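Participant: No letters, just coordinates:
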């Protein structure tokens, strides 16, 4: 299996595979590369619809050049130790990939970076100073990002034993975020339905709004039901049977 960084020829093959509608796993199989390598390469270079082999190759060379220029000394105290035998470079690249995926899904860049940091932290929580150090950004940028993530139900604040504020992304935050999305969708449905009477029940515009409301009602109700049934998965220890974890809790 080839090792090291992707070559320009391999990037061209990735671009051709994307153009043919191939899945990342199939492209990776043809290149004899891990699927994660292909996924990371595509997502950090514009995503599946905007990936260009030549641009991706030049961008990778620029990133490598910047890292060589900014590389800290081997014993630089600012470099955090890696637990569990992790490869520091692999962790950094994974955080970049995760950040890119969040950005592709609509999360603003700084908010995506903070979220990726919290998700890859073993404790699931970091202080403002820790985020500032890890991301090399200003405290104001961190504060703004946390405020946004809180508004989306993706993070919360808490105080530690020293009364210091910490930012947390725990297991249940995904359920809470999903339910916030359900409430937002339901509100759009209700607002669409209000327009039916205003525009006249027999008008094409009213019919359109009614259909939108019915569609969103169905989606929000289905999503709420599925999230409730699957909530236990978020609290299941690794290795537990997936079917048992996903089974709905009995009604009381």
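Facilitator: Happy to help now that I have it. Given the structure is predicted, the values throughout are model-derived calculations rather than measurements.

Participant: residue boundaries of the helices in the stretch 51-200 of the chain?
Facilitator: Assigned helices in the stretch 51-200 of the chain, in chain order: 53-70, 88-104, 109-119, 128-135, 139-151, 173-199 (criterion: DSSP state H, counting those that start in this stretch).

Participant: Dump those helices to TSV, plus mean pLDDT, mean neighbour count and distance to residue 34.
Facilitator: C-beta here means a position set from N, CA and C on the backbone, and glycine is covered the same way. Converted to TSV, the helices of the stretch 51-200 of the chain look like this (pLDDT from 0 to 100; neighbours: other C-beta atoms under 10 Å; distance: least, C-beta to C-beta, whole Å):
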stretch	mean pLDDT	mean neighbour count	distance to residue 34
helix 53-70	73	13	17
helix 88-104	82	16	11
helix 109-119	90	21	20
helix 128-135	89	16	26
helix 139-151	90	16	30
helix 173-199	89	16	26
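
Participant: And residue 221, what's its pLDDT?
Facilitator: In this model, residue 221 is scored at 95, pLDDT.

Participant: cool, and the one 3 residues further on?
Facilitator: Looking at residue 224, its pLDDT reads 94.

Participant: dump the residue contacts of it.
Facilitator: 179, 182 (C-beta atoms under 8 Å, 6 or more residues apart in numbering).

Participant: now the angle between helix 173-199 and the helix or strand harbouring it, please.
Facilitator: Taking DSSP states H and E as the criterion, residue 224 maps to helix 204-230. If you take axes from the mean of the first three to the mean of the last three C-alpha atoms, to 10 degrees, helix 204-230 sits at 160 degrees to helix 173-199.
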